[in-house]
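K.L.:
Let's see this in three dimensions:
(2 chains)
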Amino acid sequence: MGSKTETETMDAVQILSGNEAIARGAWEAGVKLAAAYPGTPSTEILETLAEYEDVYCEWSPNEKVAMEVGTGASMAGARTLVCMKHVGLNVAADPFFSSSYVGLEAGMVVVSADDPGMHSSQDEQDNRNYAKFARVPLLEPSDSGEAKEFTVAAYDLSERFDTPVLLRTTTRTSHSKSIVALGGRQSPKPVTTLVRDPVKYLMMPANATTRHPLVEQRVVDLAEYAETCPFNRVEMGDPRVGIITSGAIYGYCREAVPDASFLKLGMTFPLPKRLITEFRSKVERLYVVEELDPFLEEAIRLMGIEIDGGKELNTLLGELNARLVAASLSKAGVPGVNEDLLRPLSPEIPDLPGRPPTFCPGCSHRGLFVVLKKLRVFVSGDIGCYTMGSLPPYNAMHCSTCMGASISMTHGMAKVLEPPAGGAKPDLRNKVVGVIGDSTFFHSGITSLMNVAYNGGKTLTIIVDNSTTAMTGGQDNPGSGKTLLGEPSATVDIPALCRALGIDRVTTIDPYDLEEVERVLREELAADEASVVIAKAPCVLQFKVRKPVYRVDPELCNGDKRCLQAGCGALNLYIDADGKRKVEIDPADCAGCGVCSQLCKEKAIARAVQPEGKGS
Amino acid sequence: MSARPTTNVLLTGVGGQGVVLASYVLSQVAMSEGYDVKQSEVHGMAQRGGSVTSHFRFGDKVWSPLVAPGTADLLMAFEALEGLRYVNWLKPGGVLVYNTQRINPSPVSAGLATYPADIDALIRAAWPNVKCVNANALAAQAGTAKAANVAMLGAISPTLPFALDTWEAVIRRAVPPKTVDVNLEAFRLGAASASAPATECKTR
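P.N.:
Got it, this is the predicted structure:
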């Protein structure tokens, strides 16, 4: 740890991603504590900040906990950073709203990294709405330079107005890189005593009633500040066309209509009414261009300011880009649209096989989903790599909504599912199984399992424990035995925890042993009480697990493709010289897990006698 | 000095091919030569054996982090199918440089779809301005097939206005210390292949 401080402060400018720039900004602002739960596209903020000296960083088990850790630290008098993906703020909404009421002793910045286009998410909610909802100021950087600059400034804003600040990025600001000018670190104030001010910090009704008017007055004061905030700027060009925009969309607009006039908003809640009115008066036609919700547009229209085009010109769905912006403005008759962005795309691309993501060769989830498919149970899934169990060839997950929901939804389904008529033996197709990963279980599955035990549920929960937060790149969690800062830690004993919650049937299985997986699952599905099966094996990607590889004996392979049910990228179907269908295994990709060999009835797949390594 | 317009490069490939490292090298080279730079890629779900794209743009002032479809000056495809898939992101006159490597998508491995048998012919029919390079073979010749991404950088280097010294200095910093020589050799072999007479493209 701490390598960043010595090496990277040397350069005056660097190319940083938006996430790296936010971490840099937090460090420069003298942040003492940062907390987060990993989630694409936010994860790298804390991973980067943890490499700087003098900042305590932690992965909390979920975003609500992270928000409360941050609220406590800023109440104690330290500048704090709390980061999450957009849906994480749903989890953290309770403390977020309260933190708006109580304010703070030292600055607190909450980063919401939104994911328009759902590159790696279950929805594309526009979290700018949270700023208005919770009555806190909202900053939206357009690139990495602004991400750093806004982060530093957000702490002053936070302390000046006694409010958390919501810094909202999107995938295209978090994961795009651009040039950032670096600065030094402000010295953090030492925290030596706690301020005792229950009227401000203890939100029982009598106190909260006194806070709410202050919160509303704060919005009025912030709106006044927004009029001169340096992040809201007018760039006059052609007065025939005025565009109000923010975030990454500003870059798309600059390219779509290079000569237009712009009101580029860096602070997007509350909005500067006089500045917008003045801009309106300087341009003939005014457009509001934004991704997802008409957040700016509705606020501007409510001010009574007339606009000539907003959401009806583009879409509520997905990401924008310069081409989409150009097309929509051109259609509206806007002059000066960049012709290069209007040209029809050519040639037509033929139908090509897609390249969806899949389990890594050797992944411990593969065997489990092969068996779940065979059992034909209804699988209520959760959020993680294992959600890919829903994809071909497994097709063995049938619902997945939000973190931790697998167990509670399973419970709800089982409570209403009618037993088979006439006392017939239950069909496995009518059995519901919850599947949840270790990190997701710690995040919000524990209370759901407690509910199953408490309310007499009889469902089966499978916890796929690979000892890491795999989907987001392998972050440590309370089951890993190590913290973000690399310190050894307490490790959750999952079987003991399940028993403590009231589940008596707890079995741990080896997910690579298909016979064992099937036998145990059949036993547990037949049980007349709640049970938990823990499929435990380390993530092969994160822990670089490689065993001696398998190979196919082409003499024994009959091309029946049973092994392909493993859905493994190391296997490949080909036609041999005699025109016969065969399968081969790429020794460079095979991780030696052996799931395919257990599927082969011809016993054609065996460990290679000479282990074939990965080349050099 | 006259304004230097923005140059658009789209990199496409498969998770694990080193597309991200190649983008990093491109960004650092352009910044070292005094350009404004924006680069964008998507993490997360896309890493698990799926398609990977990375957008790299440089010029005097770059606004958007994304190459817009139909505007790429250069499409750098680390895998043949991923070249064909994005060929209409090129602008008229743009160049496609693709690696003649075939990596089966998971539906193909599972026998649920077929890889186009005549991929090279399809690419040539789709786009007039195409160069192919066997980056994996060049990298293996340099010492390790893992340097195929750097061989690809060598192969596209003549199409970009950057000095050889800048490329080499950035590659030295970007790759693990023990692999510097192999990577520099892969880069040189890639660059040499670009100036060699065109050979028949044969993806395998």
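
K.L.:
which helix is the longest one in the chain?
P.N.:
This is for chain A. The residue-count maximum for a helix in chain A (DSSP state H) belongs to helix A:205-228.

K.L.:
try chain B instead
P.N.:
Assigned via DSSP H, chain B shows its longest helix as helix B:180-195.

K.L.:
Is any residue of stretch B:150-165 near chain A?
P.N.:
No. Stretch B:150-165 stays clear of chain A (CB under 8 Å from any CB of the partner chain), getting no nearer than 14.7 Å. No exception for glycine: its C-beta is placed from N, CA and C like everyone else's.

K.L.:
Just the terminal-to-terminal distance for that stretch.
P.N.:
15 Å (CA to CA, to the nearest Å).

K.L.:
Return the set of buried residues in it.
P.N.:
Neighbour-count burial for stretch B:150-165, counted by 16 or more other CB atoms under 10 Å in any protein chain shown, picks out B:150-157, B:159-160, B:162.

K.L.:
possible to save these as a markdown table with secondary structure and pLDDT?
P.N.:
Shown next, in a markdown table, are those (DSSP: H, G, I helix; E, B strand; the rest coil; pLDDT from 0 to 100):
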| residue | secondary structure | pLDDT |
| --- | --- | --- |
| B:Val150 | helix | 98 |
| B:Ala151 | helix | 98 |
| B:Met152 | helix | 98 |
| B:Leu153 | helix | 98 |
| B:Gly154 | helix | 98 |
| B:Ala155 | helix | 97 |
| B:Ile156 | helix | 97 |
| B:Ser157 | helix | 97 |
| B:Thr159 | helix | 95 |
| B:Leu160 | coil | 97 |
| B:Phe162 | coil | 98 |
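
K.L.:
what's the closest of these to A:Val110?
P.N.:
The closest of these to A:Val110 turns out to be B:Leu153 (CB to CB; 39.4 Å).

K.L.:
wait, isn't that closest one in contact with B:Ser193?
P.N.:
No. If you go by CB atoms under 8 Å, B:Leu153 and B:Ser193 don't touch, sitting 11.9 Å apart.

K.L.:
Could you name every residue contacting both of those two?
P.N.:
Between them, B:Leu153 and B:Ser193 share no contacting residue under CB atoms under 8 Å, 6 or more residues apart in numbering or on different chains.

K.L.:
that older thread, the longest helix of chain A - contacts with which helices or strands?
P.N.:
On a contact count with 3 or more CB pairs under 8 Å, 6 or more residues apart in numbering or on different chains; DSSP states H and E, helix A:205-228 meets helix A:93-102, helix A:144-161, helix A:198-201, helix A:273-282.

K.L.:
Please list the outside residues in contact with it.
P.N.:
A:100-102, A:135, A:137, A:157, A:161-163, A:198-200, A:203, A:232, A:267, A:270-275.

K.L.:
what's the longest strand in chain A?
P.N.:
strand A:238-246 (DSSP state E).

K.L.:
Could you see whether chain B lies near it?
P.N.:
No. Using CB under 8 Å from any CB, strand A:238-246 stays clear of chain B, coming no nearer than 11.4 Å.

K.L.:
Backbone dihedrals for the residue nearest to A:Tyr394 when sequence neighbours are not counted, please?
P.N.:
Leaving out its chain neighbours, the residue that sits closest to A:Tyr394 by CB to CB, 6 or more residues apart in numbering or on different chains is A:Phe369, at 4.1 Å. Phi and psi for A:Phe369, reported as degrees, to the nearest 10, are phi -70, psi -30.

K.L.:
A:Phe369 is in contact with A:Pro392, isn't it?
P.N.:
No. Assessed by CB under 8 Å, A:Phe369 is found out of contact with A:Pro392, at 11.0 Å.

K.L.:
Look at these two and report which has more neighbours.
P.N.:
More neighbours surround A:Phe369 than the other of A:Phe369 and A:Pro392, with 30 against 12 (other CB atoms under 10 Å in any protein chain shown).

K.L.:
tell me the contacts of that one?
P.N.:
If you count contacts by CB under 8 Å, 6+ apart, then A:Phe369 has A:386, A:389, A:394, A:396-397 around it.

K.L.:
okay, it: pLDDT?
P.N.:
With respect to pLDDT, A:Phe369 has a value of 98.

K.L.:
I'd like the average pLDDT over stretch A:102-118.
P.N.:
Stretch A:102-118 comes out at a mean pLDDT of 97.

K.L.:
just stretch A:282-290 next, same as before
P.N.:
98.

K.L.:
And it, what's buried?
P.N.:
Going by neighbour count (16+ other CB under 10 Å), the buried part of stretch A:282-290 is A:283, A:285-290.

K.L.:
Tell me the buried residues in the helix-or-strand element of chain B with minimal mean pLDDT?
P.N.:
Least confident helix or strand, chain B: helix B:106-109 with a mean of 86, by mean pLDDT, DSSP states H and E. Buried residues in helix B:106-109, counting neighbours by 16+ other CB under 10 Å, are found at B:106-109.

K.L.:
want to try JSON lines for these, with distance to chain A as columns?
P.N.:
JSON lines is the format used below for those (distance: CB to the nearest CB, whole Å):
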{"residue": "B:Ser106", "distance to chain A": "4"}
{"residue": "B:Pro107", "distance to chain A": "5"}
{"residue": "B:Val108", "distance to chain A": "5"}
{"residue": "B:Ser109", "distance to chain A": "5"}
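
K.L.:
Need those residues in a markdown table (columns: distance to B:Val130).
P.N.:
Supplementary listing: these in a markdown table, determined by distance: CB to CB, whole Å:
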| residue | distance to B:Val130 |
| --- | --- |
| B:Ser106 | 27 |
| B:Pro107 | 26 |
| B:Val108 | 23 |
| B:Ser109 | 27 |
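
K.L.:
circling back to that earlier point, gap between the residue nearest to A:Tyr394 and chain B?
P.N.:
From A:Phe369 over to chain B the distance is 13 Å, taken as CB to the nearest CB, to the nearest Å.

K.L.:
Low-confidence ranges, the chain, go.
P.N.:
You didn't pick a chain, so chain A it is. Scanning chain A with the threshold set as pLDDT under 70 gives A:1-10, A:610-616.

K.L.:
Not quite, go with chain B.
P.N.:
B:1-2, B:43-48.

K.L.:
and the gap between B:Leu122 and A:Ile300?
P.N.:
Distance check for B:Leu122 against A:Ile300: by CB to CB, to the nearest Å, it reads 49 Å.

K.L.:
Please say which of these two ends up with more neighbours.
P.N.:
A:Ile300 (23 against 19).

K.L.:
you'd agree that one is up against A:Asp308?
P.N.:
No. If you go by CB under 8 Å, A:Ile300 and A:Asp308 don't touch, sitting 11.7 Å apart.

K.L.:
picking up where we left off before, the contacts of A:Phe369 in strands, which ones?
P.N.:
Short answer: those have none in strands (DSSP E).

K.L.:
ok, and the most crowded of the residues you listed?
P.N.:
Going by other CB under 10 Å, A:Tyr386 tops these with 31 neighbours.

K.L.:
how about it, what does it touch?
P.N.:
Counting by CB under 8 Å, 6+ apart, A:Tyr386 touches A:365, A:368-369, A:397, A:435, A:437, A:464.

K.L.:
how many other residues sit next to the closest residue to A:Val337 other than its chain neighbours?
P.N.:
Distances taken as CB to CB, 6+ apart put A:Ser330 closest to A:Val337, at 4.4 Å, once the chain neighbours are dropped. By other CB under 10 Å, the residues close to A:Ser330 number 19.
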